[in-house]
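**Q** missing the sequence, but the structure's below:
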Ligand SMILES: Nc1ncnc2c1ncn2[C@@H]1O[C@H](COP(=O)(O)OP(=O)(O)OP(=O)(O)O)[C@@H](O)[C@H]1O
């Protein structure tokens, strides 16, 4: 209950902060809308009584009735508009807050946790429902005002009937709250199913997946999976809706019996002369009004309760603590002078996962190029992720000139690193933006766009000539998913698609635009390049990084032979290390691999 109360307080303050003027306007309209039906019923009674008593009807009453009709007629559409506008503004604000919160998760583990991903999806639904909470509150207020008006009228005519009608509201309230609780549980229960359905749905329209799906003819299999997930979710929703239908049907029958009984009593009383015609009209309006207002109050309460339960997921994400422990006393990170040291580093992705790194001891000296080699799954990319502090090791430590990475805020560490990841991103943006994203703080967000730096990075990555030759040069959109401006007939309207190797060079340019970072990580930066291009790119990067620290991962051993130190990782352990000549002389696993590759067996062995 305390949780619901604080969720209510937060949803209210979120809404009021997002759109104070719209909230005020909506409040005014809600008051007018709630007063109108009661005023109409009273004015009608007074007019009818005046007519039947033969005492005439004052013009003011007729004018009042007409004015009430006009107000009621206008309040509906105005309230509808304000409700939608409020939704728009609150959603915009809350979505921004939600995504800012997800950006604060500096590690990767939350995004690999299915429970968290379910919660994130419901949090987005919570964003959608946060304005519903406040408009629901207004609806509640409006319904309560109408209810009070009609209850007062009914009390004058029949206190017993008032008691009976109100008492019928109690089971209605209990049932609706139970149903809303159950609905929230169902939403959580079908979360994983609906997320899987979304996965298949996205896959079936994804351009990258389209090739394989068509070639392998796997579309109908994936479609069947999508349909099965949908049917499973629909079954759960259907059960819930049938349960709702049964409960609400029962409530409707109860309401009808009470209203019918009341009407019977009122007509008998009128025949006896105990009630006037105006009284009967007022009585009918009051019973219908009380029941309607009660139903609307109860269903607004239930809807508000449901949206608060959903909003709870939004709050859970927004207030989730850091995924990586934050240093109690964060330390500055000095410019790298000595080097990075891994001391007895053990790491696994979860308690129920196998160890991926098993007691790694390694020193990456400042100013050197260290190459990491090893078979698939040896743990090379995992080691890179630890150096970037996407995860912390379970045992051992990684230090930067003696400072433990756990004592440094992740953002501060990453400011000093640049990287090309093995699974780098290809952004559906322009060529310039694809490169500038590597140092967005000083490029696009800065006062100048840094064209020279972008071009310099592209030149070093060997992609400048290609980009300069595109229909709109660096401003060409590198996707065919969106239109470029208004488009014309020179073939540039939907952008350009690059090849795998070209994208890889662009990823390298993105890493290189982060000028002179202390550590450059290159995880398979040239696997898609042709041999000449690969050689040229490595030469240029070596020249540019000379005197700086680089960590290079590659399966093509000819690209690592000039590294100052070559480290062979096998099954999470360091097998051997040294420079190329030392390792060749030792005749160990590196020498065997190198010899095999130079003999032309590379493809079978490495990939
Ligand atoms: N996010 C993850 N969650 C769980 N296991 C993972 C995750 N990422 C990698 N692994 C596992 O860790 C092991 C090492 O993977 P890693 O990517 O570090 O190897 P690698 O040496 O870079 O291999 P490759 O040469 O194929 O790129 C693999 O067995 C992989 O299944």
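**A** Nice, I can see it. Small disclaimer: the values here were computed from a predicted structure and weren't measured. Numbering: from 1, shown residues only.
**Q** mind giving me the domain ranges of this protein?
**A** According to the TED database, the chain is divided into the following domains: 1-319, 336-416+518-606, 426-516.
**Q** can I get the ones you listed in CSV with distance to the ligand?
**A** Just so you know, the C-beta spots here come from the backbone N, C-alpha and C atoms, and that holds for glycine as well. What follows is the domains of the chain, written out as CSV (distance: least, Cβ to the nearest ligand atom, whole Å):
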stretch, distance to the ligand
domain 1-319, 5
domain 336-416+518-606, 3
domain 426-516, 15
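**Q** and these as CSV, adding mean pLDDT?
**A** Shown next, in CSV, are the domains of the chain (pLDDT from 0 to 100):
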stretch, mean pLDDT
domain 1-319, 85
domain 336-416+518-606, 90
domain 426-516, 83
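**Q** Quick one: closest of the ones you listed to residue 325.
**A** Proximity of these to residue 325 was assessed by Cβ to Cβ; the nearest stretch is domain 336-416+518-606, lying at 6.9 Å.
**Q** thinking again about what came up before, just put the domains of the chain in CSV and tack on distance to residue 328.
**A** What follows is those, written out as CSV (distance: least, Cβ to Cβ, whole Å):
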stretch, distance to residue 328
domain 1-319, 16
domain 336-416+518-606, 9
domain 426-516, 27
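**Q** Ok, which of those domains comes nearest residue 327?
**A** If you check each of these against residue 327 by Cβ to Cβ, domain 336-416+518-606 wins as the nearest, at 4.6 Å.
**Q** Could you export the domains of the chain as TSV, including mean neighbour count?
**A** Formatted as TSV, the domains of the chain follow (neighbours: other Cβ atoms under 10 Å):
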stretch	mean neighbour count
domain 1-319	17
domain 336-416+518-606	18
domain 426-516	18
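**Q** so residue 505 makes contact with residue 540?
**A** No: counting by Cβ atoms under 8 Å, residue 505 does not reach residue 540; the two are 10.8 Å apart.
**Q** okay, and the common contacts of the two?
**A** The contact sets of residue 505 and residue 540 overlap at 461-462 (Cβ atoms under 8 Å, 6 or more residues apart in numbering).
**Q** quick one, what contacts residue 284?
**A** In this structure, residue 284 makes contact with 263, 266, judged by Cβ under 8 Å, 6+ apart.
**Q** Tell me where the stretch 451-600 of the chain has helices.
**A** In the stretch 451-600 of the chain, the helices defined using DSSP state H, counting those that start in this stretch lie at 451-460, 464-468, 500-512, 531-544, 580-586, 589-596.
**Q** closest one to residue 40 among these?
**A** Nearest to residue 40 among the helices of the stretch 451-600 of the chain is helix 500-512 (66.8 Å), distances taken as Cβ to Cβ.
**Q** Pull the residues that contact the closest one.
**A** Residues from elsewhere that reach helix 500-512, judged by Cβ under 8 Å, 6+ apart: 418-421, 424-426, 431, 434-435, 437-438, 454, 457-458, 460-463, 466, 478, 498, 520, 522, 525-530, 533, 537, 541, 544.
**Q** right, and residue 336 touches residue 549 too?
**A** Yes: A contact is recorded between residue 336 and residue 549 when judged using Cβ under 8 Å, the distance being 6.0 Å.
**Q** Would you mind listing the residues touching both of the two?
**A** Common neighbours of residue 336 and residue 549 (criterion: Cβ under 8 Å, 6+ apart): 366, 518-519.
**Q** Can you check which helix is longest in this structure?
**A** Longest helix in the chain by number of residues, with DSSP state H as the criterion: helix 219-272.
**Q** Now do that one: which elements does it pack against?
**A** Counting contacts by 3 or more Cβ pairs under 8 Å, 6 or more residues apart in numbering; DSSP states H and E, helix 219-272 is packed against helix 159-189, helix 191-204, helix 277-318.
**Q** between those helices, which gets nearest to residue 134?
**A** Among the helices and strands packed on helix 219-272, the nearest to residue 134 by Cβ to Cβ is helix 277-318 (9.0 Å).
**Q** Measure how that closest one sits relative to helix 159-189, angle-wise.
**A** Per axes from the mean of the first three to the mean of the last three Cα atoms, to 10 degrees, the angle that helix 277-318 makes with helix 159-189 is 20 degrees.
**Q** my read: residue 524 touches residue 422, true?
**A** Yes: under the criterion of Cβ under 8 Å, residue 524 makes contact with residue 422 at 4.6 Å.
**Q** hey, what's in contact with both of these two?
**A** Counting by Cβ under 8 Å, 6+ apart, the residues touching both residue 524 and residue 422 are residue 553.
**Q** Pipe the helices and strands packed on helix 219-272 into TSV and attach distance to residue 223 per row.
**A** Conversion of the helices and strands packed on helix 219-272 to TSV gives the following (distance: least, Cβ to Cβ, whole Å):
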stretch	distance to residue 223
helix 159-189	24
helix 191-204	6
helix 277-318	30
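**Q** OK, contacts around residue 368?
**A** Taking Cβ under 8 Å, 6+ apart as the criterion, residue 368 is in contact with 339, 549-550, 564-565.
**Q** and if you look at residue 331?
**A** With contacts defined as Cβ under 8 Å, 6+ apart, residue 331 is in contact with 403, 407-408.
**Q** What separation do you get for it and residue 214?
**A** Separation of residue 331 from residue 214 (Cβ to Cβ, to the nearest Å): 53 Å.
**Q** ditto for residue 292
**A** The span separating residue 292 from residue 214 equals 56 Å under the rule Cβ to Cβ.
**Q** How many residues are close by the residue in the stretch 401-550 of the chain that the ligand sits nearest to?
**A** With distances taken as Cβ to the nearest ligand atom, the stretch 401-550 of the chain approaches the ligand most closely at residue 422, which sits 5.6 Å away. When counting by other Cβ atoms under 10 Å, one arrives at 15 neighbours for residue 422.
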